[in-house]
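*Asks:* please work out how this folds:
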Amino acid sequence: MAEIDIREFIFGMPSRFSPKHAEGLSATIQFLIEGDGGGSFVLSIEDGTCVAEERMEEAPSLQLKMSRKTYIDLAMGQLKGPQAFFTRKLRFRGDTKLLMKMHTMFPALKKEDIAQG
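*Replies:* Down below sits the predicted model:
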């Protein structure tokens, strides 16, 4: 498989966003992806919409910090959030309830999704 671009994954999140699982939610989620090909990204969720940007948020609702590999494994469903947290591959700060909703708001990608993109 070719090198996966984290920006494509992050900027693809709004297309996978499930508004029915975010009803009434107003939040910002900061992703701090460490290492080569990483970066700082923000998802803004408001009124059933989701927008991705490459930037830092001063006071995000939730901050997630992980390696590029951990992010890809989570996005592909090869690693579950609790497992990533308890093995210290994922560090977070902020709204725990929002963290727990991530897998329902953003379903995992399938290998076919990557092949098409």
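
*Asks:* residue 79 and residue 71 touch, don't they?
*Replies:* No. Applying Cβ atoms under 8 Å, one finds residue 79 not in contact with residue 71, separated by 9.4 Å. C-beta coordinates here come from the backbone N, C-alpha and C atoms, glycine included.

*Asks:* ok, these two, which is more surrounded?
*Replies:* Each of residue 79 and residue 71 has its neighbours counted (other Cβ atoms under 10 Å); residue 71 has more, 27 against 20.

*Asks:* name the SS class of the nearest residue to the more buried one once chain neighbours are set aside, please.
*Replies:* Closest residue to residue 71 in three dimensions, ignoring its sequence neighbours and counting by Cβ to Cβ, 6 or more residues apart in numbering: residue 33, at 5.4 Å. What DSSP: H, G, I helix; E, B strand; the rest coil gives for residue 33 is strand.

*Asks:* how close does residue 33 sit to residue 48?
*Replies:* Per Cβ to Cβ, to the nearest Å, residue 33 is found 26 Å from residue 48.

*Asks:* those two: who's more crowded?
*Replies:* Taking other Cβ under 10 Å, residue 33 and residue 48 do not tie; residue 33 has more neighbours (23 against 13).

*Asks:* may I have the beta-bridge partners of the more buried one?
*Replies:* Residue 33 has these beta-bridge partners by DSSP bridges: residue 39, residue 66.

*Asks:* what sits against it?
*Replies:* Contact partners of residue 33, counting by Cβ atoms under 8 Å, 6 or more residues apart in numbering, are 6, 39-41, 66-68, 71.
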